[in-house]
Structure formats: C-alpha cells, structure tokens
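Peer 1: What would the 3D arrangement of this be:
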Amino acid sequence: MSEDLPDSLIPYDEIVQEALRAVVGRVLGEVEHTGGLPGNHHFYITFKTQAAGVDIPARLIERFPDEMTIVLQNKFWDLKVGEDMFQVSLTFNQVAAHLIIPFSAITAFVDPAVNFALQFQAQADAVPEPHDEAENDAPDMKAEDGSNVVTVDFGKKK
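Peer 2: Sure, this is the predicted structure:
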C-alpha cells in the first residue's frame, strides 16, 4: 500500500467518540429509569472541569482546576440524563453539590464491578486540529491485566 494516503474526509474519530459517549448516556439513562444501580455496579466518571457546558460549584473548580472524578455508588441523587449531558447531586466533604456534565466533557467511564472502562479524548468546541496520518497498528483490545478496557486515542502522536 502507498504511504501517501489522503486525509480522510470522514471524521471517523469523532464518530467513534460520539458512539462511545452514547454508551455512557444509555447506561446512566437506565440507572435513572430504574432508580438505582443494579447489583454491585458503580461508576467512576472523569471529566474536564473547564469544558464547555460543565456546571459545578466554584469550590470544586478551585480544587480540581482541570479534571475530576466522581463516583456514582451509594450516595447520589437527582440523576437526570439528557441527550448530550447528565446532572447529578453528590456530597463532597459532607457538602451537597449539583453537577451538570456534558458527555463531551467526559474523559473516562469505569465500572470496576465488571472490569469495564472507556477512555475518551476531551472534545473541544473549536474547529478540530488537523491530525497526523493514522498508523496501521491495531490497538490492543485487552489490557495487560485482562480487563475489558477499550482505549480510543485518535489524533495526536505521543
């Protein structure tokens, strides 16, 4: 094959990221619908605190200026899931807080009860930067510890 492949006119990376974020929305929607977490399931959700649409108390932004992880397990309430965001109330140091988090701000979703994890690139509202050509290395679908971790990392070379 030629090494001079043209840039894709189809934004595959954005389409995949959007589809995987829809998984998070569907899972949270089920929790909202049933009123609680089934079995031992619980979630760690990491998100960019400065991302567009994130609405969290200023004290949390001061403490977590870039990224924070919340846990949905025992003490959360008012979970509401929309098409492109969710909102939930939690306590931090025994002080209640209401958070609004767009799915586009999420960088990781983990359900440790079943070794399931998704990792995302934070989406920017600006025009996407041009990206390097894809390397034809197939991603490892199994993490070294045997868990079902799927890492989607398009774009910048590291």
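Peer 1: What's the separation between residue 100 and residue 88?
Peer 2: Residue 100 sits 9 Å away from residue 88, going by Cβ to Cβ, to the nearest Å. For glycine as for every other residue, the C-beta is placed from the backbone atoms N, C-alpha and C.
Peer 1: what about these two, which has more around it?
Peer 2: residue 88 (21 against 15; other Cβ atoms under 10 Å).
Peer 1: which residues does the more buried one form a beta bridge with?
Peer 2: For residue 88, the beta-bridge assignment (DSSP bridges) gives partners residue 99.
Peer 1: do you know how far it is from residue 15?
Peer 2: Between residue 88 and residue 15 the distance, using Cβ to Cβ, works out to 27 Å.
Peer 1: now residue 47
Peer 2: In this structure, residue 47 lies at 21 Å from residue 15, with Cβ to Cβ as the measure.
Peer 1: Same question for residue 64.
Peer 2: To residue 15, residue 64 is 30 Å away according to Cβ to Cβ.
Peer 1: what about those two, which has more around it?
Peer 2: Summary of the neighbour comparison: residue 64 and residue 15, criterion other Cβ under 10 Å, with residue 64 having more neighbours (17 against 10).
Peer 1: shouldn't that one be in contact with residue 47?
Peer 2: No - taking Cβ atoms under 8 Å as the definition, residue 64 is not a contact partner of residue 47, at 9.5 Å.
Peer 1: Can you tell me the closest non-neighbouring residue to the residue nearest to the spatial centre of the chain?
Peer 2: Ranked by distance to the mean C-alpha position of the chain (Cα atoms, centre = their mean), the top residue is residue 106 at 3.0 Å. The shortest distance from residue 106 to any non-neighbouring residue, by Cβ to Cβ, 6 or more residues apart in numbering, is to residue 47 (4.9 Å).
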